[in-house]
Structures are given as structure tokens and as C-alpha cells.
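*Asks:* mind folding the following:
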Amino acid sequence: MIRYLSFLIASTLVTVTQAFAADPPATAQQRFEQDIARMLAVRTEAYRFAEANGITRNGQPKLTRAQSNQLRELAQRYIDARAPLLDDAAKVAHLFGNDTAPTITQHRATSSMPATRIVGIDVIREQHWINPQDEAGQTQLTDILRGTAAAMVLWDSYRVAVMPYAENNDMQYALTFDVGNGPRLRDLMRNYYSTDMRAQLASATRFVDGYMGWRRRRQMPVNLEEEYLYTLVQSAHWYKDIREAGGIGLGESLRFANEDIRVHRAYLRNLLSHGLSMGFGNMVGLVQTRSGHLKKMPASDMDALATELKPLDILLEKTPFRLTDKMIPGYYGHVAIWLGSEEELRALGVWDSIAPELQAHIRDGRRIVEALRVGVTMSTLPHFLNIDDLLVLRDTRPLTDDYRRQAVLTALAQVGKEYDFNFDVYSHARIVCSELAYVVFPDLGWPLARTMGRYTISPDNVAQMAVGTAAVLKPAILYRSGKRVNDSLPAAVATLIAAPAASTTASAGR
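*Replies:* From the prediction side, this is the model:
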């Protein structure tokens with residue numbers, strides 16, 4: 001399985017890289033995506049070379065001349081791939097020096113004030129104000145997101161592509177003193193262990209988290225460019241290190257972690273096999289070849305579908321036109337919860353318990369709660385239906401109104417949370433899409449899978465609860481390749497997910 005996944009990621013990297021090469025970038029964002037794809041490809045190749053030749057085991061590798069030449073060619077390609085990302089990071093680095101960071105404001109135009117110095121000492125530090133509503137502010141925020149994402153990719157790439165060589169004495173010598181002009185291995189090591197650079201990155205990460213949280217609280221829409229960039233930031237292994245260390249003692253905590261070679265090697269294998277830490281699947285998910293078949297559904301049919309849906313229906317979808325569809329295990333790729341209309345929620349007796357800002361979203365037609373890469377948000381049905389397949393599952397148990405009210409409030413309580421790139425169902429602070437069903441229906445015995453040392457739940461795990469004699473969910477609506485399926489829905493779902501019959505039972509709602 002690991003070899004297959006490694007092959008799949010490598011093949012997809014080639015596909016993405018070739019797609020970019022065939023169509024030269026027309027914008028700064030397209031250029032950046034091409035630079036990221038190039039770095040992911042070269043760092044994967046560098047690690048595979050190290051592992052294939054015993055370098056990761058700190059041995060004394062006997063390289064042929066051809067292998068030695070290949071190693072130097074890889075090193076040069078890494079330096080070439082690093083250069084444009086380093087430029088992106090350096091462009092905004094000055095905003096996060098000396099414990100300073102920009103301030104988000106809606107009350108003044110985007111502007112800066114230089115530091116006031118007396119006898120070489122800053123009396124008033126340099127200050128920057130960014131207004132997301134003016135053009136200069138939007139440009140600067142995009143630059144900050146791009147620069148922070150570039151820095152995260154570079155730090156993770158060092159751990160994948162450079163550290164195996166830095167930890168091998170023979171390779172460290174060869175790549176420091178026998179590489180001619182240009183950056184040497186020791187230069188890369190100095191950058192990686194620089195406390196100033198780490199402090200800047202921690203400050204930039206806190207700023208980006210704060211800005212995206214500010215947007216989530218206001219339910220402000222996020223465009224694809226911002227979604228892509230924040231995905232790169234959040235899914236980097238370095239992001240997890242910074243969040244856990246809080247920016248204090250970060251250098252020492254990481255240095256300790258890096259000395260644990262066994263854990264480090266396991267992390268690298270997981271990174272390259274599953275593509276999770278870099279959010280690789282999420283990144284290529286933004287590459288799509290067409291729109292979904294159901295996006296073309298007539299408005300009258302969409303209204304009829306909304307009428308058929310009931311509060312707390314579980315929505316599953318498939319998008320084979322996105323590259324992530326090949327990366328997600330199983331048939332379905334996403335899970336969401338349908339809340340229902342204001343009238344239905346009033347009838348349930350829960351409307352007055354919903355926060356006013358969330359009530360406004362429901363009135364605006366945003367009746368779907370879903371976890372996207374930028375966090376948990378509320379979406380409209382037309383926005384959600386950019387898909388090919390739709391499966392609607394409905395709880396068949398005799399649930400009480402109290403249970404249903406609590407389930408609605410639990411779903412809404414997830415809005416604003418960050419996406420869980422660790423895919424850990426036991427994490428409460430962040431959430432992945434299929435976890436929504438797990439938390440909204442907490443008494444169900446959901447089938448979980450153990451992956452990379454943690455329990456996860458996939459969309460197909462959710463669908464398994466609708467097949468077999470022990471099923472507690474019922475397939476209420478099914479679309480396949482844009483067309484409605486009306487006959488034998490449980491059998492059709494079982495065929496699609498090829499799942500064993502659900503063997504767990506659940507208690508009735510209380």
C-alpha cells in the first residue's frame with residue numbers, strides 16, 4: 001500500500017508539473033503554484049535517493065560516479081526550486097521582525113509608519129496597518145499569505161530533502177566542501193536553525209491564523225487563491241510545531257525532535273506516502289478539469305431537492321474531476337450536514353437558541369455546514385452542488401426533539417473551527433469534513449480506521465452505516481454522474497463503496 005501511494009503521489013506530481021509546464025503561468029499565483037509543484041517533486045526525489053543509497057541510515061554510502069553526479073544534480077535542482085520561494089518569503093519578512101506584526105483594521109487605510117530612532121535606538125517601532133477592504137491591503141495580505149506558505153514549504157522541504165544528508169557525516173562534508181559556487185549544505189543548515197528566522201515565521205503564522213480567524217468569525221467568503229495558500233500554511237509539519245510550541249523554545253524543541261532519528265524517519269515516510277503533512281491532496285484538489293454535473297441542475301429542480309432534504313440529513317459527494325478524488329480512500333470524498341430552513345428549525349424549537357449571525361446565514365440560504373480547507377463554514381446548496389455524485393443519508397432511529405435540537409446546535413458549534421489536517425477524530429479544536437457526522441451523532445458506533453497512529457473516519461466509513469442488516473442510516477436521495485437513481489438505493493450504495501455490512505448498533509436519541 002505504501003509503495004502504491006508513493007507511486008500515486010509521484011505520478012500526480014508529474015501530472016501537475018506537466019500541466020503547469022504546458023501552460024506557462026500568466027499570474028503571480030500560477031507561477032507560485034508551479035514553484036510549489038517543482039519543490040514537492042525535487043524534495044521527494046532527493047529523499048528517495050537518500051533512502052535507496054543508505055544515506056538515511058547514516059552509513060558510509062558507496063556511490064558510483066554516476067550516482068555522485070546525480071546527487072549533485074539533485075542538489076542544484078533543489079537550490080533552483082528553493083530560490084523563487086525564498087524570494088516570496090523574503091518579500092514580507094520585514095513585517096515580522098523585532099516582535100512586530102501588522103495590525104488588521106477597518107478604520108484606516110493600509111499604511112506604514114517608519115520607526116522613530118534616537119541615537120540608533122527605536123523609540124517607536126515600525127508599524128503597519130492593513131485594511132482588507134482597500135486594494136493595497138488586499139495585495140499585502142495576499143503577499144503575506146504567499147510568503148508564509150513559501151516559508152512553511154521551505155522549512156518542511158529542508159526536513160525531507162536536506163536533513164537526511166545533513167545527518168550523514170560523509171554527505172555533509174561532500175555537499176559543503178565539494179559543490180563549487182552557490183549555497184552549500186552548511187548555509188542551508190544555518191538558515192534552518194536560525195532563531196531569528198524561526199521567530200519571524202512564528203510571528204507570521206500567528207498573524208495569518210488571526211487574519212483567517214477574523215474572516216471566519218465574519219463568515220466572509222474566501223477565494224480559491226487564499227484557500228490554497230492557507231492550506232499550505234496549515235498543513236505543513238512546521239505549522240503543528242509552531243502551534244504546539246507557541247513560538248517559545250521552538251528552536252530547542254525542534255532540535256530535540258530532529259535528533260530522534262527513528263521518529264523523524266517515520267514522519268518522512270508518512271509524509272511521502274500519504275501526502276498529508278504538506279496538504280498535498282488539498283493542494284491538487286484545487287486543480288479541476290471541469291465543473292460538476294449537478295452544478296447544471298435547473299433552479300426549479302434545485303428548489304425541489306431542497307424541499308426533499310430534512311434537518312440533520314448527511315450529505316456525501318464525489319468530484320472525480322478534481323485530482324484529490326484519486327488521493328482520498330474510498331468512493332466518496334466529502335461529508336456535510338444539512339441544517340434545514342428557518343421554518344423547520346422553528347418547528348423543532350431550536351431557532352431561538354441559534355446565534356443571530358448564524359440565523360442570518362440560514363435566512364440567506366446557507367443551510368449546509370461543511371469543513372473546508374479554510375475551516376468549518378456554512379454554504380448554500382448551489383455552491384455545494386459543484387459535484388457529480390450526491391448521497392443523502394437519513395437517521396432511521398426514533399430520535400427525540402431534544403436529541404435533534406442538540407444535534408443542530410452541535411453542528412453549528414463547529415462553524416469557525418479550523419480544518420484538521422491530522423485527521424484525528426479525538427481532536428476537538430479542529431475538525432475534518434467526515435468528523436461532522438461523528439460529532440453531530442455522538443452515540444452512533446461509527447466505523448473508525450487507524451492511520452498514522454490516530455483514529456480517523458472517512459466519507460466511506462460514514463456511508464457504511466447505511467448498508468447491511470445493521471444499518472441505522474437510510475439512503476434517502478442518490479445521484480450518480482449527475483443523474484437521479486431511484487431504485488434499490490441501499491444496494492446501489494453498497495456497490496459503490498464495496499463496504500462490509502455495518503455490524504454496530506446505536507442507542508436511540510434521548
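*Asks:* for this protein, which helix is longest?
*Replies:* Of all the segments of type helix in the chain, defined by DSSP state H, the longest one is helix 65-93.
*Asks:* strand partners (parallel or antiparallel) of the next helix or strand after it?
*Replies:* Of the helices and strands lying after helix 65-93 in sequence (DSSP states H and E), the nearest is strand 103-104. Based on DSSP bridges, the strands next to strand 103-104 in the sheet, each with its direction, are strand 127-130 (parallel).
*Asks:* export only the CA atoms of the partner strand, formatted as CSV.
*Replies:* In CSV, the C-alpha atoms belonging to strand 127-130 read as follows (Å, rounded to 0.1, in the frame of the first residue of the first chain):
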residue,chain,number,x,y,z
GLN,A,127,4.2,50.0,12.4
HIS,A,128,2.0,48.6,9.6
TRP,A,129,-1.8,48.8,9.3
ILE,A,130,-3.6,46.6,6.8
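*Asks:* what are the buried residues along the very next helix or strand once past that strand?
*Replies:* Counting by DSSP H and E, the element after strand 127-130 in chain order, helix or strand, is helix 135-157. Going by neighbour count (16 or more other CB atoms under 10 Å), the buried part of helix 135-157 is 137, 140-142, 144-157. Every residue, glycine included, has its C-beta placed from N, CA and C.
*Asks:* ok, back up a step: the longest helix of the chain - what's its average pLDDT?
*Replies:* pLDDT averaged over helix 65-93 equals 85, rounded to a whole number.
*Asks:* now for that helix, which elements pack on it?
*Replies:* Helix 65-93 is packed against helix 28-52, helix 135-157, helix 169-177, with contacts defined by 3 or more CB pairs under 8 Å, 6 or more residues apart in numbering; DSSP states H and E.
*Asks:* now with 10 Å?
*Replies:* Using 3 or more CB pairs under 10 Å, 6 or more residues apart in numbering; DSSP states H and E as the contact criterion, the neighbours of helix 65-93 among helices and strands are helix 28-52, helix 135-157, helix 163-166, helix 169-177, helix 185-192, helix 195-217.
*Asks:* shaky segments in the stretch 101-250 of the chain?
*Replies:* 115-125, 169-187, 189, 192-193, 241-250 (pLDDT under 70).
*Asks:* recalculate using a threshold of 50.
*Replies:* Counting by pLDDT under 50, the stretch 101-250 of the chain has low-confidence residues at 177-178, 247-250.
*Asks:* quickly note the distance from the residue nearest in space to the middle of the chain to Y419.
*Replies:* In the chain, the C-alpha closest to the average C-alpha coordinate belongs to T231, at a distance of 4.3 Å (CA atoms, centre = their mean). Here T231 is placed at a distance of 8 Å from Y419 (CB to CB, to the nearest Å).
*Asks:* got it, and K296?
*Replies:* For K296, the distance to Y419 (CB to CB) stands at 28 Å.
*Asks:* of the two, who's got more company?
*Replies:* The neighbour comparison of K296 against Y419 (other CB atoms under 10 Å) goes to Y419, with 22 against 11.
*Asks:* tell me the contacts of the more buried one?
*Replies:* Going by CB atoms under 10 Å, 6 or more residues apart in numbering, Y419 touches 230-231, 234-235, 279, 282, 371-376, 430-433.
*Asks:* what does C433 give?
*Replies:* Under the criterion of CB under 10 Å, 6+ apart, the contact partners of C433 comprise 316-317, 333-337, 369-373, 376, 419-420, 423, 457-459, 462.
*Asks:* can you do 8 Å?
*Replies:* C433 makes contact with H334, V335, A336, E370, A371, L372, P459 under the criterion CB atoms under 8 Å, 6 or more residues apart in numbering.
*Asks:* hang on, isn't the second one packed against Y438?
*Replies:* No: in this structure, V335 is not within contact of Y438 by CB atoms under 8 Å, at 9.2 Å.
*Asks:* neighbour count winner among these two?
*Replies:* Neighbours per residue, other CB under 10 Å: of V335 and Y438, the larger number sits with V335, 27 against 20.
*Asks:* the residue lying closest to Q29 once chain neighbours are set aside and A204: what is the separation?
*Replies:* Distances taken as CB to CB, 6 or more residues apart in numbering place E225 nearest to Q29, at 5.1 Å, with adjacent residues excluded. If you measure E225 against A204 using CB to CB, the figure is 18 Å.
*Asks:* also L71?
*Replies:* Relative to A204, and taking CB to CB, L71 is found at 33 Å.
*Asks:* those two: who's more crowded?
*Replies:* Ranked by neighbour count (other CB under 10 Å), L71 and A204 place A204 first, with 26 against 22.
*Asks:* give me the mean pLDDT for stretch 311-322.
*Replies:* Confidence over stretch 311-322 (mean pLDDT, whole number) is 90.
*Asks:* wait, R480 sits on I387?
*Replies:* No: under the contact definition of CB under 8 Å, R480 does not touch I387, with a separation of 11.2 Å.
*Asks:* now do the contacts for G330.
*Replies:* Residues in contact with G330 (CB under 8 Å, 6+ apart) are S458, P459, D460, N461, A463, I497.
*Asks:* mind putting those in JSON lines, distance to L95 included?
*Replies:* Supplementary listing: the contacts of G330 in JSON lines, determined by distance: CB to CB, whole Å:
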{"residue": "S458", "distance to L95": "40"}
{"residue": "P459", "distance to L95": "39"}
{"residue": "D460", "distance to L95": "44"}
{"residue": "N461", "distance to L95": "43"}
{"residue": "A463", "distance to L95": "46"}
{"residue": "I497", "distance to L95": "48"}
